[in-house]
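Colleague: Below: sequence and its predicted model.
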Amino acid sequence: MRILIASDKYKGSLTATQVAQTIQRALNECFPGVECDLCPIADGGEGTTEAMVTALGGEWISVDTVDAQNRARQARYGWISRQNEAVMEMSAASGLALVHDLPLAPETASTYGTGLMLLHVVKRGALSVVIGIGGSATNDGGLGMAAALGHRFLDAGGNEVEPVMHEAHRIIRIAKAEATLPPILVACDVDNPLLGQRGASAVYGPQKGVRDVAWFEERLTRLADIVARDLGTDPRAIPGAGAAGGLGWGLMAFCGARLTSGFDLVAEHTGLAARMRQADLVITGEGRLDAQTLCGKGPVGVAQMARRLGRPVAAFAGMIEESAALRACFDLAVTVKPPEMPLPKAIARAEELLEAAVMRSVSELRTLLGLA
């Protein structure tokens with residue numbers, strides 16, 4: 001009996017690897033002799049670089065940069081020397097977790113630090129770049145990133161405008177950067193466009209502190225219009241353009257990047273499909289399964305692959321939003337957090353609660369394994 005554990009992280013509590021190891025411990029207790037295949041996944045957010053560097057045998061490179069509120073910090077990215085490829089995450093510089101000690105301020109939050117990371121890999125001689133863009137603290141459309149790479153944003157008098165959303169309404173013209181960039185592949189975990197009801201500001205803005213969605217919509221629309229006129233490109237409607245506060249759009253518009261499914265990219269490099277074919281049951285999950293999960297996140301990607309390959313799939317998640325469409329993705333969906341327990345306490349006890357959730361689901365797992 002072989003069980004594939006392909007879970008994402010529980011944000012704020014357990015890494016994807018820790019989740020898989022915890023589930024394995026519970027399964028070993030419930031099913032003596034079971035063979036567990038641990039395949040931690042990611043979908044473009046935090047953990048993508050680690051999954052890719054591990055799969056490809058890369059090394060870690062440190063770089064001086066700044067966080068989303070312009071405070072100096074060190075970040076790291078992966079380097080695959082055999083192909084001179086850099087693998088990075090925007091969250092290493094511009095992530096929400098890095099500014100949790102400050103009040104949320106999306107009007108000044110910037111992707112400038114992500115641009116500094118990209119500049120570093122260009123100077124290192126990268127022939128290609130993979131960048132995961134989940135977990136952002138920003139809603140600037142990649143404005144800061146573009147400025148770090150040499151694009152200049154000018155006002156009516158030809159003066160440079162500070163590349164933050166608070167000043168974006170003053171931009172009249174864009175002077176294109178002269179630097180040549182290597183091909184950039186963006187690992188993206190959602191399919192939202194830049195603007196509109198499913199856009200960056202409306203869907204993901206609130207978690208970064210956006211209160212006035214229309215205010216950000218007006219600035220991002222204006223920026224997209226100027227880019228279309230001055231740079232001759234208009235990717236605002238491409239699925240994924242709204243990821244990471246519009247950084248998906250910014251990487252396409254300012255860097256000529258191409259977007260791909262973060263889950264598909266990691267799945268390919270970890271040999272997920274081949275490993276799934278050898279499994280009798282697949283277990284996945286993440287910290288919270290909700291409507292956003294349906295937009296292209298890892299657990300649904302795992303479930304869809306399992307269905308294609310005819311394998312039963314169970315999900316264990318910290319919390320699960322009540323949604324028929326979401327639950328229909330899985331043969332079994334188990335909530336780990338007790339409803340009466342405060343979230344901070346559940347996060348602190350995530351490992352214990354996850355192990356208990358697996359053990360109390362033995363009967364359902366036996367049914368999925370055909371043992372009942």
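Modeller: Happy to help now that I have it.
Colleague: Please count neighbours and contacts with C-alpha atoms only from this point.
Modeller: Noted.
Colleague: tell me the SS of the closest residue to residue 62 other than its chain neighbours?
Modeller: The shortest distance from residue 62 to any non-neighbouring residue, by CA to CA, 6 or more residues apart in numbering, is to residue 76 (4.3 Å). Three-state assignment for residue 76 (DSSP: H, G, I helix; E, B strand; the rest coil): strand.
Colleague: burial measure for residue 76, as a count.
Modeller: 19 (other CA atoms under 10 Å).
Colleague: residues contacting it?
Modeller: Listed by CA atoms under 8 Å, 6 or more residues apart in numbering, the contact set of residue 76 reads 60, 61, 62, 63, 88, 92.
Colleague: repeat for residue 3
Modeller: So residue 3 contacts 34, 35, 36, 37, 279, 280, 281, 282, 283 (CA under 8 Å, 6+ apart).
Colleague: hang on, it is in a strand, isn't it?
Modeller: Yes. Counting by three-state DSSP, residue 3 is found in a strand.
Colleague: I'd like to know the beta-bridge partner residues of it.
Modeller: Beta bridges link residue 3 to residue 36, residue 281 when assigned by DSSP bridges.
Colleague: And residue 261, how far from residue 228?
Modeller: 25 Å (CA to CA, to the nearest Å).
Colleague: do residue 190 as well
Modeller: 23 Å.
Colleague: which one of these two has more residues nearby?
Modeller: Neighbour count, other CA under 10 Å: between residue 190 and residue 228, residue 190 has more, with 28 against 15.
Colleague: Can you report phi and psi for that one?
Modeller: With angles defined as degrees, to the nearest 10, residue 190 sits at phi -140, psi 170.
Colleague: just to revisit the earlier point, next step: the contacts of residue 76 restricted to strands.
Modeller: 60, 61, 62, 63, 88 (DSSP state E).
Colleague: Save those as a markdown table, and put in pLDDT, distance to residue 157 and neighbour count too.
Modeller: As requested, the ones in strands among the contacts of residue 76 are exported to a markdown table (pLDDT from 0 to 100; distance: CA to CA, whole Å; neighbours: other CA atoms under 10 Å):
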| residue | pLDDT | distance to residue 157 | neighbour count |
| --- | --- | --- | --- |
| 60 | 96 | 44 | 16 |
| 61 | 97 | 41 | 13 |
| 62 | 97 | 39 | 12 |
| 63 | 97 | 35 | 15 |
| 88 | 96 | 37 | 34 |
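Colleague: Output the residues you listed as CSV; include the columns distance to residue 293.
Modeller: Below are the ones in strands among the contacts of residue 76 laid out as CSV (distance: CA to CA, whole Å):
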residue, distance to residue 293
60, 29
61, 31
62, 31
63, 32
88, 22
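Colleague: Report all helices and strands that the host helix or strand of residue 283 contacts.
Modeller: Secondary structure assignment for residue 283, by DSSP states H and E: strand 281-284. Judged by 3 or more CA pairs under 8 Å, 6 or more residues apart in numbering; DSSP states H and E, the packing partners of strand 281-284 are strand 2-5, helix 298-308, strand 313-317.
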